[in-house]
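Asks: A structural model of the following input is requested.
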Amino acid sequence: MSIESMILLCAGLPAVSFLYSTVGHAGASGYIAVMSLFGLAPEAIKPVALSLNILVAAIGTRQFYRAGHFHWRTFWPYAVPAVPCAFAGGYLNLPSHVFRLVIGVALLFSAVMLVVKMRAPDEATVPPVGASLGVGAALGFAAGLTGTGGGIFLTPTLLLFRWARTKTASATSAAFILVNSIAGLSGVIGRTHALPPLETMAPLLMTVLVGGTIGSYFGSRRFSREVIKTMLACVLVIASVKLIVG
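Replies: This is a model prediction of the structure:
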């Protein structure tokens, strides 16, 4: 990658991390899109995106936890089965064009439904543990396969089924993304036995650190649930386009 491309990449990534972190996400689908645009080597994109995800998700988890929005009972049934499934998805290198198309359309539909239900009461009923375990396993595998942390799948699921309130859904997704990204990156390393060089990673990590810190602060403490849902809809549209277009 040329120096000019690296500078432009470092200018674009903070905007992605800011937008995604306001809703408890870490930005993998956005990072993948931006890195592809600026010509990062295809074999490096997935591990770099997951590495950036881990940093931003850790920041988001801390911010939403400190703001009082994280609930262990909501989190663990999704996370426990998701971790091994995310590892499996990250380890496998499957042709996934049809899978990505289906998931992309589903995310686009979720974005539309969030806008339609924007004014719905912010109420929640915790689902049975068995249902949460099944959903967590499926979303974890999808996360590992697509090189994301799974928040783009979990948050709309929680909100549309009213399984969590808006900021609780964001807090749950941040922690969910953190553990899945670690598992997914472990799967990638297990398959490739390599990571991108530090000179490539360091400037990218520094840029998303800034955007993720600011975004998660505003998402956890400043923005209303309507603002968060609007920004989430934007994130889902970006993610769906990336999955559909490739």
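
Asks: against Ile32, how distant is the closest residue to Ile189 other than its chain neighbours?
Replies: Of all residues not flanking Ile189 in the chain, Leu195 sits nearest, at 6.6 Å (C-beta to C-beta, 6 or more residues apart in numbering). Quick note: C-beta positions are derived from backbone N, CA and C, even for glycine. Leu195 sits 16 Å away from Ile32 when distances are taken as C-beta to C-beta, to the nearest Å.

Asks: those two: who's more crowded?
Replies: For Leu195 and Ile32, the more surrounded residue by other C-beta atoms under 10 Å is Ile32, and the numbers stand at 24 against 16.

Asks: quick check: which ranges of this protein have low pLDDT?
Replies: 1, 93-96, 98-99, 246 (pLDDT under 70).

Asks: so where do the helices sit in it?
Replies: In the chain, the helices defined using DSSP state H lie at 3-21, 28-37, 42-66, 72-91, 97-116, 129-146, 151-160, 166-192, 198-221, 225-245.

Asks: run the chain-centre distance for the third one.
Replies: Put plainly, it is helix 42-66. The chain centre lies 8 Å from the centre of helix 42-66; the measure is C-alpha atoms, centre = their mean, to the nearest Å.

Asks: next, the angle from that helix to helix 72-91.
Replies: 170 degrees (axes from the mean of the first three to the mean of the last three C-alpha atoms, to 10 degrees).

Asks: so for helix 42-66, what gets flagged as buried?
Replies: 44-64 (16 or more other C-beta atoms under 10 Å).

Asks: need the contact list for the nearest residue to Ser220 once chain neighbours are set aside.
Replies: Excluding the flanking residues, the one nearest Ser220 by C-beta to C-beta, 6+ apart is Ala67, at 4.0 Å. Ala67 sits next to Lys167, Ala171, Ser220, Arg221 when contact means C-beta atoms under 8 Å, 6 or more residues apart in numbering.
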